[in-house]
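>>> The following block contains a protein sequence and its predicted model.
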Amino acid sequence: MPNHDYTTRILWTGNRGEGTAHYKAYDRTWDIAVPGRAVVHCSNDPLLGGDPGKMNPEDLLLSALSACHMLWFLHYASDAGVVVTSYSDCPVGVGEVGRGGAGRFVNATLRPHVVVKAGTDVAVAEAIHHRIHEVCFIARSVNFPVDCELTFAVEG
């Protein structure tokens, strides 16, 4: 399959009038402004003085990882006749800060909770879940382990 491109536009919004004249002269804020889509206002990690009310790069990466897993699960469930009526996830990413302040994720754990229609073979749904890391674009692109703690509930 041929390569395909993804594009985005990042626009720094943190110039308070002095630019980067000194370290405390500017905000670490920006907008993600992909043409034709809603703007996402971002900041750096609150541990580094960022705005806790805005998404940061770590939030975005963890969210992308979780969303990719969810979308593949829903796709495979649909193909297998497994009717999912609700899906939520509260993933946790563990980061570390090394010498000099450089950080990285060391692992992430997805914790999807899936509700399926009564009569669903939960074993089939669980088997689907275990196939996803083979195809999830984001999980296959990161250099840290991604674990899953899946739970199911059956409607009704």
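Yep, it's here. Not measured: the values here are computed from a predicted model. Numbering: from 1, shown residues only.
>>> Please make it C-alpha for all contacts and neighbour counts, starting now.
Will do.
>>> Got the domain ranges for this protein?
10-48, 57-154 (automatic domain parsing).
>>> Quick check: residue 100 is in a helix.
Yes. Residue 100: assigned to a helix according to DSSP: H, G, I helix; E, B strand; the rest coil.
>>> Number of residues surrounding it?
6 (other Cα atoms under 10 Å).
>>> from the domains of the chain, which stretch is densest packed?
domain 57-154 (a mean of 15; mean count of other Cα atoms under 10 Å).
>>> mind checking the end-to-end distance for that domain?
35 Å (Cα to Cα, to the nearest Å).
>>> centroid residue for this protein?
residue 63 (1.8 Å; Cα atoms, centre = their mean).
>>> Which residues lie in contact with that one in this structure?
Residues counted as contacts of residue 63 (Cα atoms under 8 Å, 6 or more residues apart in numbering) are residue 91.
>>> Now do the SS call for residue 19.
Under three-state DSSP, residue 19 comes out as coil.
>>> mind putting the domains of the chain in CSV, mean pLDDT and distance to residue 4 included?
As requested, these are exported to CSV (pLDDT from 0 to 100; distance: least, Cα to Cα, whole Å):
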stretch, mean pLDDT, distance to residue 4
domain 10-48, 93, 17
domain 57-154, 94, 12
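>>> So for residue 3, which of these sits nearest?
domain 57-154 (12.9 Å; Cα to Cα).
>>> Adding distance to residue 2, write the domains of the chain out as JSON lines.
As requested, those are exported to JSON lines (distance: least, Cα to Cα, whole Å):
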{"stretch": "domain 10-48", "distance to residue 2": "23"}
{"stretch": "domain 57-154", "distance to residue 2": "15"}
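>>> ok, now which ones touch residue 55?
40-44.
>>> and what of residue 150?
110-114.
>>> my read is residue 86 is in a strand, agree?
Yes. Per three-state DSSP, residue 86 lies within a strand segment.
>>> For residue 129, see how far away the nearest residue to it once chain neighbours are set aside is.
Distance criterion Cα to Cα, 6 or more residues apart in numbering; nearest residue to residue 86, sequence neighbours excluded, is residue 115 at 5.0 Å. Between residue 115 and residue 129 the distance is 13 Å, computed by Cα to Cα.
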